[in-house]
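**Q** build me a model from this:
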Amino acid sequence: MEDIDTATKTHDPVCGTAVEPERNHCHVRHHDRLYYFCSLRCLLAFAEAPERYDDAYA
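**A** Got it, this is the predicted structure:
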């Protein structure tokens, strides 16, 4: 199993789950920032109201 440096992890702005960007396919760009999500469900919640989550886990 490959070790992943914890510095490469970020958090889903909707639910707070730690995600690994290099292994994640759920992401969206908003205000020139790339956000990663643990699931399509969280991505869709963000897309409906991005201002609610923008910078929540910056």
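**Q** please make it C-alpha for all contacts and neighbour counts, starting now.
**A** Noted.
**Q** so, low pLDDT: which residues of the protein?
**A** Judged by pLDDT under 70, the chain has its weakly predicted residues at 1-7, 54-58.
**Q** would you map the helices across it?
**A** Listed in chain order, the helices found in the chain under DSSP state H are 40-48, 50-53.
**Q** report the spatially nearest residue to the residue nearest the centre of the chain, omitting neighbours in sequence.
**A** Averaging the C-alpha coordinates of the chain gives a centre point, and the residue nearest to it by C-alpha atoms, centre = their mean is Tyr36 (2.2 Å). Beyond its immediate neighbours in the sequence, the residue positioned closest to Tyr36 (C-alpha to C-alpha, 6 or more residues apart in numbering) is His27, lying 4.3 Å away.
**Q** can you tell me the number of residues neighbouring that neighbour?
**A** Using other C-alpha atoms under 10 Å, His27 is surrounded by 17 other residues.
**Q** just Leu43 next, same as before
**A** Neighbours of Leu43 (other C-alpha under 10 Å): 20.
**Q** give the contact list for it.
**A** Leu43 makes contacts with 14, 26-28, 36-37, as judged by C-alpha atoms under 8 Å, 6 or more residues apart in numbering.
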